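**Q** Please work out how this folds:
(one chain, ligands or ions: 1)
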Amino acid sequence: MTQGPSNESGASGTAASPAEQVNPGDDAAPGTAGTGEDVCPDCQGSGKIDDQDCQNCGGTGIVIQGLAGG
Ligand SMILES: [Zn+2]
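**A** Modelled structure (predicted):
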């Protein structure tokens, strides 16, 4: 076992997408063609479940759903 001088202390990395975040309840990223915002079925649009952020919509109360044509 060698004890090399690790000069790497980078803690800032793996930055997720800055703006467009897809929540578990989203069908696609916001702005995707053929999709639209819909009320989150889990929290009924409140964004909260038992005073906690709804995990389905990320606390937004809105999910992105594919638009069913006709
Ligand atoms: Zn929700």
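**Q** Low-confidence ranges, this structure, go.
**A** 1, 4, 6-20, 68-70 (pLDDT under 70).
**Q** what about 90?
**A** 1-22, 27-33, 66-70 (pLDDT under 90).
**Q** residue ranges for the helices of it, please.
**A** Under the criterion DSSP state H, the chain carries no helices.
**Q** interface residues of it facing the ion?
**A** Residues of the chain found near the ion (CB under 5 Å from the ion) are 40, 42-43, 54, 56-57. Using the backbone N, CA and C atoms, a C-beta is placed for each residue, glycine as well.
**Q** try 8 Å this time
**A** Neighbours of the ion within the chain, by CB under 8 Å from the ion: 25, 40-49, 54-63.
**Q** Using PDB, write down the CA coordinates of stretch 23-34.
**A** The C-alpha coordinates for stretch 23-34 follow below in PDB (Å, rounded to 0.1, in the frame of the first residue of the first chain):
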ATOM      1  CA  ASN A  23     -39.100  15.000 -11.800                       C
ATOM      2  CA  PRO A  24     -40.200  11.400 -11.300                       C
ATOM      3  CA  GLY A  25     -43.700  12.300 -12.300                       C
ATOM      4  CA  ASP A  26     -42.700  14.000 -15.500                       C
ATOM      5  CA  ASP A  27     -43.100  12.200 -18.800                       C
ATOM      6  CA  ALA A  28     -40.500  14.500 -20.400                       C
ATOM      7  CA  ALA A  29     -38.500  17.600 -19.800                       C
ATOM      8  CA  PRO A  30     -40.500  20.900 -19.700                       C
ATOM      9  CA  GLY A  31     -41.000  22.400 -23.100                       C
ATOM     10  CA  THR A  32     -40.900  19.000 -24.900                       C
ATOM     11  CA  ALA A  33     -43.100  19.000 -27.900                       C
ATOM     12  CA  GLY A  34     -46.300  17.000 -27.500                       C
END
